[in-house]
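> Predicted model and sequence follow; I will ask about them next.
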Amino acid sequence: MLNILNRGKSEKAASAYPLGNFLDGFSIEVMPRTAAKVSDFKALLPAGTRVYIAHIEGTPIEDMVDTAKRLAGDGFAVMPHFPARIIQDRATLEDWIARYRGEAGVEQALLLAGGVEKPYGAFDSSIGLIETGLFDTHGFKRLHVAGHPEGNRDIDPDGSTREVDAALRWKQAWSEKTDAEMAIVTQFAFDARPVIAWAERLRDEGITLPIHVGIAGPAKLQTLLKYAVACGVGPSLKVLQKRAMDVSKLLLPYEPTEVVSDLAAYAADHPDSLIAKAHFFPLGGINANATWIAGNAG
């Protein structure tokens, strides 16, 4: 594995590695309520940036579509979430797809199971959404699916990766039969090593879908710890816990310089890697995240 992962892990050392092309074509995630606080996205993000719209349980579809219309009107590539377990039935799914397509010109989506334990209705996984064929019927050109470098206890309660691996194999096979472009977008992590090991294992097992690695944007340490626990972040959570024990860093905002530098260096040295792009979760605010990206993109 890349020798960068055997070097000292100080932030000073990490910053010596240019982020280069890894930040080119990054994506970022918003919610309707956070997007409403941003007066001008065009002042923050490069034209054409892919902006995911997270669909949190209880968010009205009208708010989702209005946010999509605004972002699309500003020239961004909009990718709304479709969380399978909060979608009642096929008719509801088609209504959502038709609204996004007809009202906002959306032609790409992130398909995922969703965070609720018990499905509202007919769907319990992204596979079920894909099998309807509705995204193809309505002309969606790009579909992303979720990846879990550190596993997912909601899907594999025994701590294995059996079910998540099987799901990715199914999606890989399906990608070979569709005209839609596909990619894997991951949960955020705070250490590049498990992400790289996972990507290498997938490639060895015949997965060819590019990976867009989830990155937590700059935020207060307490904020990140709260989200990391809630989202089920795995062993890389130890990076934050270690930082929390360092009094000199406890009150300083976390920045993802180290993990992004490691991923950028690995991707540069391994052009055949599945690791392709960065996807940001702006947990400390969209402004802070966009400012960090602009300051580190070279």
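Received, thanks.

> So which residues of the stretch 1-150 of the chain form helices?
Secondary structure of the stretch 1-150 of the chain, counting by DSSP state H, counting those that start in this stretch: helices at 11-14, 32-35, 61-73, 90-104, 126-131, 134-137.

> what's the model's confidence in the first one, averaged?
Looking back up the chat, that one is helix 11-14. The predicted model gives helix 11-14 an average pLDDT of 40.

> coming back round to it: tell me which of the helices of the stretch 1-150 of the chain lies nearest to residue 168.
When those are compared for distance to residue 168 using C-beta to C-beta, the nearest one is helix 126-131, at 10.5 Å. Any C-beta I mention is one placed from the backbone N, CA and C, and that applies to glycine too.

> What lies in contact with the closest one?
Residues from elsewhere that reach helix 126-131, judged by C-beta atoms under 8 Å, 6 or more residues apart in numbering: 82, 84, 87, 93, 111-113, 122-123, 135, 143, 145-146, 167, 170-171, 174.

> coming back round to it: would you mind finding the most buried of the helices of the stretch 1-150 of the chain?
Mean neighbour counts were compared across those using mean count of other C-beta atoms under 10 Å; the top stretch is helix 126-131, at a mean of 20.

> from the middle of its chain, how far away would that one be?
Relative to its parent chain, helix 126-131 has a centroid offset of 19 Å by C-alpha atoms, centre = their mean, to the nearest Å.

> coming back round to it: let's see which of the contacts of helix 126-131 end up in strands.
For these, the ones inside strands are 82, 111-112, 143, 145-146, with DSSP state E as the criterion.

> and the residues you listed as a markdown table, adding pLDDT, distance to residue 184 and neighbour count?
Compiled in a markdown table, those are given as follows (pLDDT from 0 to 100; distance: C-beta to C-beta, whole Å; neighbours: other C-beta atoms under 10 Å):
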| residue | pLDDT | distance to residue 184 | neighbour count |
| --- | --- | --- | --- |
| 82 | 98 | 16 | 23 |
| 111 | 98 | 11 | 24 |
| 112 | 94 | 11 | 20 |
| 143 | 98 | 11 | 24 |
| 145 | 97 | 6 | 25 |
| 146 | 93 | 7 | 24 |
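
> Looking at the residues you listed, which one is closest to residue 272?
When the ones in strands among the contacts of helix 126-131 are compared against residue 272 (criterion: C-beta to C-beta), the nearest one is residue 145, at 21.2 Å.

> who's in contact with that closest one?
For residue 145, counting by C-beta under 8 Å, 6+ apart, the contacting residues are 110-112, 126, 168, 171, 182-185, 209.

> how about 6 Å then?
Residues near residue 145 by C-beta atoms under 6 Å, 6 or more residues apart in numbering: 111, 126, 171, 184.

> Could you dump those residues into TSV with distance to residue 226 added?
Supplementary listing: these in TSV, determined by distance: C-beta to C-beta, whole Å:
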residue	distance to residue 226
111	26
126	26
171	31
184	26
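
> Could you check how far residue 124 is from residue 275?
Residue 124 sits 29 Å away from residue 275, going by C-beta to C-beta, to the nearest Å.

> hmm, I was thinking of residue 55
To residue 275, residue 55 is 26 Å away according to C-beta to C-beta.

> cool, residue 59 as well?
Between residue 59 and residue 275 the distance is 31 Å, computed by C-beta to C-beta.

> what about the two, which has more around it?
A direct count of neighbours by other C-beta atoms under 10 Å for residue 59 and residue 275 places residue 275 higher, at 23 against 18.

> Could you report the pLDDT at the more buried one?
Note on residue 275: pLDDT of 97.

> wait, isn't it in contact with residue 210?
No: shown here, residue 275 and residue 210 do not form a contact pair, counting by C-beta atoms under 6 Å, at 8.0 Å.

> How about stretch 265-274, which residues are buried there?
265-268, 270, 273-274 (16 or more other C-beta atoms under 10 Å).
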